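Peer 1: based on what follows, work out the 3D shape:
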Amino acid sequence: MALLNDDRLFPADPSVRTRARALYEGVRDLPIISPHGHTDPRWFAENGAFANPAALFVTPDHYVFRMLHSQGVSLDALGVPRADGTAPDVDPRSVWQLFADHYHLLRGTPSRLWLDHAFSTVFDVQERLSKDNASAIYDQIDAALKTDAFRPRALFERFKIEAISTTESAIDDLRWHRMIRDSGWAGRVVTAYRPDAVIDPEYPGFADNVAILGQMSGEDTTTWIGYLAAHRNRRAYFKGFGATSTDHGHPTARTEDLPQDVAAALFDKALGGKCTAEEADAFRGHMLTEMARMSLDDSLVMQIHPGSFRNHSDRIFTGFGRDKGYDIPTRTDYVHALKPLLDAVGHRTDLTVILFTLDESAYARELAPLAGVYPCLRLGPPWWFHDSPEGMMRFRQMTTETAGFYNTVGFNDDTRAFCSIPARHDVARRVDCAFLANLVATGRLDADEAPELAHELAYGLAKRAYRL
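Peer 2: I've put the predicted structure just below:
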């Protein structure tokens, strides 16, 4: 039995399934635009071999290890590095066996779809991973990883990635992007400006980070004017390495448009570590509006990823650090939260602000109506916990009637797991084709319009929205 069903995610009705399959055949082999993610630029700079199957599929992927951890498997046993940078002394083969022993936990999840797709299409594994075949599949994948055809640049080209954006802190030196550029390799790997560490007064080491920002930019970041100038300097530096976007991961979608003297006073309090929680939130909100204004000058697309309670477990954060599966979605307000920014720049047609959410209840009530009227706004695709077939279908069902298709930005894989990139895009293309086929079948879309829309959703919208 084949590991992958050729008709997966298509409608059950035979006639609609046939139409969905035909639409999919028209887009399945389009190049991949991956405009926002967290793959490591060092992979493409050094082009070294991936160490082993466990290091590729298990230890870096919080989608995978959080599920196993929820059933009592320790992060140490899975080889997840600790906060101090040390790695548990575990055999990668034992990590893989533990992963295989618990593979059933991923039944019905998007992770299972992505993993099976990668095993089958990338490594030619044609049977489901289990505790009995774990060793043989480990050997098969490990042998492939030792060949040049499975190095990062070769896979990049095999996956038909036209452009990929990584995400770096505002105080990253971009050494790996410089190495990629200097190597002469033709693969398009760009960066994105992520200033959370120097915008959020509650970020660990905020004042020290702002001092580093000043050193790197040559600006006096002890002053409000110098601090803003430093951001402009670093944004320009990132543009020099291909950046077309900024990214902002705030606890809420709150924005403010404060008088400059009030903002400067808040900045001084933040540097001194004297902000209350309310003041810190107000400062973050004001900086979103400042970032939007800077985007009017330098044309960087602005992404806002709000609504995650980061590092919910103090124990895991202390022991293992950030991004270990303990970021939990929260309720998020957009209508009131975004009004200050939208009052300031919402009607500008030369600005693109892409909104994401972890609160699906906001799709039809808030996000689609906002994006369906403000010229600067676009809706990002289902993200993180909702990056799933059901999440994608709910997104289309709840946003299309108000925002349409052209106020969305196609698909965005937002992943650290390199081999999941083609799998995630394949899922999105299948779901979108299923949605379009249903619209045609129910008389809401003409048959000749569906192929054009399928192409836009798979490729065109993302390329244009992110200016790639």
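Peer 1: show me where the stretch 51-200 of the chain has its strands.
Peer 2: Assigned by DSSP state E, counting those that start in this stretch, the strands in the stretch 51-200 of the chain fall at 161-165, 168-169, 189-190, 193-194.
Peer 1: compare those and give me the one nearest C419.
Peer 2: C419 sits nearest to strand 161-165 of all those, at 12.0 Å, using CB to CB. No exception for glycine: its C-beta is placed from N, CA and C like everyone else's.
Peer 1: in the closest one, what counts as buried?
Peer 2: I161, A163, I164, S165 (16 or more other CB atoms under 10 Å).
Peer 1: stretch 193-211 now?
Peer 2: 193-201, 203, 206-207, 209-211.
Peer 1: and which of these is nearest D261?
Peer 2: The closest of the buried residues of stretch 193-211, once distances to D261 are taken by CB to CB, is P201, at 17.9 Å.
Peer 1: who's in contact with V64?
Peer 2: F57, V58, F99, L106, S111, L115 (CB atoms under 8 Å, 6 or more residues apart in numbering).
Peer 1: now, of these, which are buried?
Peer 2: Buried among the contacts of V64 (16+ other CB under 10 Å): F57, V58, F99, L106, S111, L115.
Peer 1: surely the third one touches D61?
Peer 2: No - counting by CB atoms under 8 Å, F99 sits too far from D61 to count as a contact (10.1 Å).
Peer 1: any idea how far A49 lies from R188?
Peer 2: Using CB to CB, to the nearest Å, we find A49 at a distance of 22 Å from R188.
Peer 1: nope, R151 is what I meant
Peer 2: R151 is 17 Å from R188, by CB to CB.
Peer 1: and for T252?
Peer 2: Taken as CB to CB, the span from T252 to R188 is 34 Å.
Peer 1: got it, and V198?
Peer 2: 27 Å.
Peer 1: assign a three-state SS to the residue nearest the centre of the chain, would you?
Peer 2: Per CA atoms, centre = their mean, the C-alpha nearest to the average position across the chain is that of D414, at 2.1 Å. With DSSP: H, G, I helix; E, B strand; the rest coil as the basis, D414 sits in coil.
Peer 1: that one and F385 touch, don't they?
Peer 2: No - in this structure D414 lies outside contact range of F385 using CB under 8 Å: 11.4 Å.
Peer 1: and the contacts of V64, which is closest to T222?
Peer 2: Out of the contacts of V64, the member with the shortest distance to T222 (by CB to CB) is V58, at 44.5 Å.
Peer 1: I'd say that closest one and V95 touch.
Peer 2: Yes - between V58 and V95 there is a contact at 5.7 Å, judged by CB under 8 Å.
Peer 1: quick check: neighbours shared by those two?
Peer 2: L78, G79.
Peer 1: okay, now M287: neighbour count?
Peer 2: 27 (other CB atoms under 10 Å).
Peer 1: now it, nearest residue through space, not along the chain?
Peer 2: I199 (4.6 Å; CB to CB, 6 or more residues apart in numbering).
Peer 1: what do you get for L439?
Peer 2: In space, L439 is closest to L445, 3.8 Å off (CB to CB, 6+ apart).
Peer 1: and P35, by the same measure?
Peer 2: Here the residue nearest P35, using CB to CB, 6+ apart, is Y466, at 3.8 Å.
Peer 1: and the one you found, what does it touch?
Peer 2: Contacts of Y466 (CB under 8 Å, 6+ apart): I33, P35, H36, S165, T244, S245, V301, V409.
Peer 1: backbone phi and psi for it, please?
Peer 2: phi -90, psi 10 (degrees, to the nearest 10).
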